[in-house]
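> with the input below, show me the fold.
(2 chains)
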Amino acid sequence: MSKFSGLGGRLYRGETSVNFIGNRRRWYGLSGFFVLLSIGALAIQGLSLGIEFKGGSSFTVNTSSPSVAQAREAVQEAGITSGAIVQLVGDDKVRVQTEALDAAENNALQDALAAKFSVSAANIDTQIIGPSWGKEITRKALYGLFGFLLVVMIYLAMALEPKMAISAIVAVIHDVFITVGIYALVGFDVTPATIIGFLTILGYSLYDTVVVFDRVRDNTKSITSTSTKTYSQAVNLAVNQTIVRSANTSIVAILPVAAILFVGAGLLGAGTLKDLSLALFIGLIVGTYSSIFIAPAVLTQLREKEPALQALTKRVEARTPAASSSASTGSPAAAVNGRGPRNQPKRKGRK
Amino acid sequence: MSTTTKPTKTSSRPGRSLAILGLILISMVGLVFLQDSKSLQLGLDLRGGTSVTLQPRIAPGEEGSVTSDAIDQAVSIIRQRVDSLGVVESEVTAQGSGTNRQIVISVPGDTGRRVVDLVGQTAELRFRQVLASGSGIPAAADAEATPAAGVSAEVNAKFAALDCTKPENLQGTSSDLPSDVLVTCDRAGGSKYILAPAEVLGRQISSASAGLDTQAGSAWFVSLEFDNEGTSAFGALTSRVTSLPEPTNQVAIVLDGLVVSAPRITEAIPSGNAQITGSFTQLEAQDLANVLKYGALPLAFDRGEVQQVSPTLGADQLNAGVLAAGLGMLLVIIFTLLYYRALGFVTVASLGVAAIMLYALILLMGQWIGFTLTLAGIAGAITAIGVTADSFIVYFERVKDEMREGRSLRTAAETGWIRARRTILIADFVSIIAAVLLYIFSVGGVRGFAFTLGLTTLIDLIIIFLFTKPALVLVSRSKFFNSGHPLSGFSPKSLGLAVAKEA
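All right, here's what the predicted structure looks like:
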């Protein structure tokens, strides 16, 4: 632990520096690969949607002696001809899932199951989803998504910088894409709880990115007047300075989610808790990655095109040829060289 | 920006902040006891019960689009139907916004099947001539009385026996066939009626509105207008009944099988423009106008989702939720203690205060706005442990940064705060935006999640301002934390300062 903390100090002063920004092509490549993979998986396999999206009925009978055969008989007795999926859940439940049925059929099936296993109808967990329901909630989720992205973009543009807002949103879209891609690839069930998870990831991913960007803003406040660092060097330092924080906040965020996942998947089997926490778990990891590797890189790319910052890069290069060449290779030695002057402008900026 | 304030000025009154927090906590707990809201309102997924989500749609064969008024009416119709079941704690709410709302019905216990059967039917508005009326209690005298014209003895017996004080008779929906004679109550259960077959239908209304007649002593009235078909039907009905004796000169407005109003017809109305006057309050007049407007466009109710949770599953889910919350909290505590050592206790205490506050708020919200804690809500609260702990980390790491710049812990606790505060505010605000939008755009479980997530983010802000920051300032004055003791979390080694000297 203390070793790790020591690393925090070195990262802060720039003695140890990982070149996140200089190597951005590498991270773009990696992300690009995953995004393409996600699109491929979505196109070829698609998402495996839960009955909430397709419409259908699910009956779970709580009984001490669950039996697939008996449940199948009940399905036949209720006159359900379309295919029904019958499976055991744990050792005291049997679940029957059917396509969308009408009210009478649903009642008939519930009664048949209740009679077969001699339990009261109230002891059967039932979920009946109308065929158009999925469209409705999907539409709502999409409204929520776009509304959120828009409001957050405006807010971040005001609270931070417009280009930071754009980069943050790019990173968020990246996260959602990859998370959805993983769902398509592995074939996890997508339920409304999963959607909640996806939407929450947006908030989290942004939270991390905001922490990094706030630091970037500090570091670059008086950057053009001092001419000691290029914009990308300043951003890189900010990412290095906040990386311990990002790692810690992510660990702290992932721990409770892992607890829900463990309890939800382990004790309850399928259900709200598992679906929600799985989406969060995957999303958090992707979100942490993007707030370190993608968002600052996109920001740098957007900002460095500005004439004032291009002029700055030229001035810095002219002044310290050694430092500029090291910026692209990312050697720690060069970073130590730049330590003295590097800390100077920051203090000035604060007062 | 915020750096213009001198650090020495903001420094300082940790005692006062803590006192304010103490006051807030005490008043919250006090409210909990005063309002006697000590029991947790659990959602149906945690205690068993049925929830039905209905999507209002234009009834088959009708044209037009769903209006916000029509949904309001639909909600009140469904509420009337569900209340008639007489199940305590059953709830009917509209979720979402504008015309894009769903109706969510929650019924605890095992009445699920009845609710599901009850709520799916289309509600219609009809005009029927009153054949007989009476107060809402069964009366032997009515049974002996000679049946009014067009009323069979059988119907009359049914009328006599009808008890409008019983909830099941205020259910509506009952065999309300337009071509049949109808025996029914009014919505409030105060009177009962025998009604002739329907002659004018709700869809024949083209518009309805409430108005104020300033000349006749500020009386509220409702005016309505019929389409061509409705004009002739209503004209025929009114000209026939206007000269008849009481109560047969009344025309009942029947919505969903129950009488909303039964105005007396004072003249034949062949023009298709009618006014209903009476001693209406503004509210009553508007309500009636809305009923009539709804009639113009009856809605059908699609069952979007029906979920019945057995008490067994409910208990399982509750246990799992509580276990996950405990486990999540424990993991975070272990991590912060390992990483931040003694400083971790500030975090642990902050999380503790946050938990108490959240619990008190959930109890109070249950009392005030009927907030029920669902499984998704618990998940939201657990997820928020992360958000809450995040703010501490942002602050502590910032303080460490300041110390790396050579500041003492005492100064760093203040200067670091100024920087961290802004980051925390921006980040928490983003979380709140997420929670609010999730809440607005979603139905059912998602809302519970968004609600607790938003609530805990707000609590996080209160805690970090009124507890964590003052607590750290207090701690920064103590000898132990200033000594750079390895367990304090601020040792030179953990800051990486010792390493720097060697290098």
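> up against chain B, what does the stretch 1-150 of chain A have?
Neighbours of chain B within the stretch 1-150 of chain A, by Cβ under 8 Å from any Cβ of the partner chain: A:1-2, A:5-10, A:12-13, A:15, A:52, A:60, A:62, A:103, A:106-107, A:110, A:120-130, A:132-133, A:136-137, A:140-141, A:143-144, A:147-148. Backbone N, C-alpha and C define where each C-beta goes, glycine included.
> buried stuff in stretch B:211-230?
B:220-226, B:230 (16 or more other Cβ atoms under 10 Å in any protein chain shown).
> any chance of these in TSV, with distance to chain A and pLDDT too?
Supplementary listing: those in TSV, determined by distance: Cβ to the nearest Cβ, whole Å; pLDDT from 0 to 100:
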residue	distance to chain A	pLDDT
B:Trp220	38	85
B:Phe221	39	86
B:Val222	34	89
B:Ser223	36	89
B:Leu224	33	88
B:Glu225	34	90
B:Phe226	33	89
B:Gly230	32	88
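> in strands, which of those residues fall?
B:220-226 (DSSP state E).
> in the stretch 201-350 of chain B, which residue sits nearest chain A?
For the stretch 201-350 of chain B, the residue closest to chain A is B:Gly328, as judged by Cβ to the nearest Cβ, at 3.1 Å.
> how much space separates that residue from B:Arg128?
In this structure, B:Gly328 and B:Arg128 are 60 Å apart, going by Cβ to Cβ, to the nearest Å.
> equivalent analysis for B:Val116, please.
On the measure of Cβ to Cβ, B:Val116 and B:Arg128 end up 29 Å apart.
> just want to know which of these two has more residues nearby.
A count of neighbours by other Cβ atoms under 10 Å in any protein chain shown puts B:Arg128 above the other of B:Val116 and B:Arg128, at 27 against 21.
> and the nearest residue to that one once chain neighbours are set aside, how many neighbours?
Spatial nearest neighbour of B:Arg128, chain neighbours left out: B:Leu195 (3.9 Å); criterion: Cβ to Cβ, 6 or more residues apart in numbering or on different chains. Residues lying near B:Leu195 (other Cβ under 10 Å) number 25.
> just the element for B:Leu195, please.
strand B:191-201 (DSSP states H and E).
> so what strands line up beside that strand?
With DSSP bridges as the test, strand B:191-201 is paired with strand B:125-135 (antiparallel), strand B:182-185 (antiparallel).
> give the other helices and strands that the helix or strand just after it contacts.
Per DSSP H and E, the first helix or strand lying C-terminal to strand B:191-201 is strand B:205-213. Contact here means 3 or more Cβ pairs under 8 Å, 6 or more residues apart in numbering or on different chains; DSSP states H and E; on that basis strand B:205-213 packs against strand B:219-226, helix B:282-296.
> quick one, helices of the stretch 101-250 of chain A?
For the stretch 101-250 of chain A, the helices defined by DSSP state H, counting those that start in this stretch occupy A:103-116, A:133-159, A:162-186, A:192-220, A:223-226, A:231-263.
> just say which of the ones you listed is most tucked in.
Greatest average neighbour count among the helices of the stretch 101-250 of chain A goes to helix A:192-220 (a mean of 26), per mean count of other Cβ atoms under 10 Å in any protein chain shown.
> one step back: could I get the strands paired with strand B:191-201 in CSV, plus columns for mean pLDDT?
Output for these, formatted as CSV (pLDDT from 0 to 100):
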stretch, mean pLDDT
strand B:125-135, 86
strand B:182-185, 86
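> looking at those, which is closest to B:Leu258?
strand B:182-185 (6.0 Å; Cβ to Cβ).
> which ones are touching the nearest residue to B:Glu229 once chain neighbours are set aside?
Counting by Cβ to Cβ, 6+ apart, B:Glu229 lies nearest to B:Gln204, which is 5.3 Å off, once chain neighbours are set aside. By Cβ atoms under 8 Å, 6 or more residues apart in numbering or on different chains, B:Gln204 lies in contact with B:226-227, B:229-230, B:233-234.
> okay, stretch A:156-167 in CSV with CA atoms only?
This file holds the C-alpha atoms of stretch A:156-167, laid out as CSV (Å, rounded to 0.1, in the frame of the first residue of the first chain):
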residue,chain,number,x,y,z
LEU,A,156,-20.3,20.7,-18.6
ALA,A,157,-19.7,23.3,-21.3
MET,A,158,-20.7,25.9,-18.8
ALA,A,159,-18.9,24.5,-15.8
LEU,A,160,-15.8,23.4,-17.6
GLU,A,161,-15.0,24.1,-21.2
PRO,A,162,-17.1,23.4,-24.4
LYS,A,163,-14.5,21.1,-25.8
MET,A,164,-14.3,19.3,-22.5
ALA,A,165,-18.0,18.7,-22.7
ILE,A,166,-17.7,17.2,-26.2
SER,A,167,-14.8,15.0,-25.2
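> okay if I get the helices of the stretch 101-250 of chain A as a markdown table plus mean pLDDT?
Formatted as a markdown table, those follow (pLDDT from 0 to 100):
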| stretch | mean pLDDT |
| --- | --- |
| helix A:103-116 | 84 |
| helix A:133-159 | 80 |
| helix A:162-186 | 90 |
| helix A:192-220 | 82 |
| helix A:223-226 | 78 |
| helix A:231-263 | 87 |
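> this completes my enquiry, with thanks.
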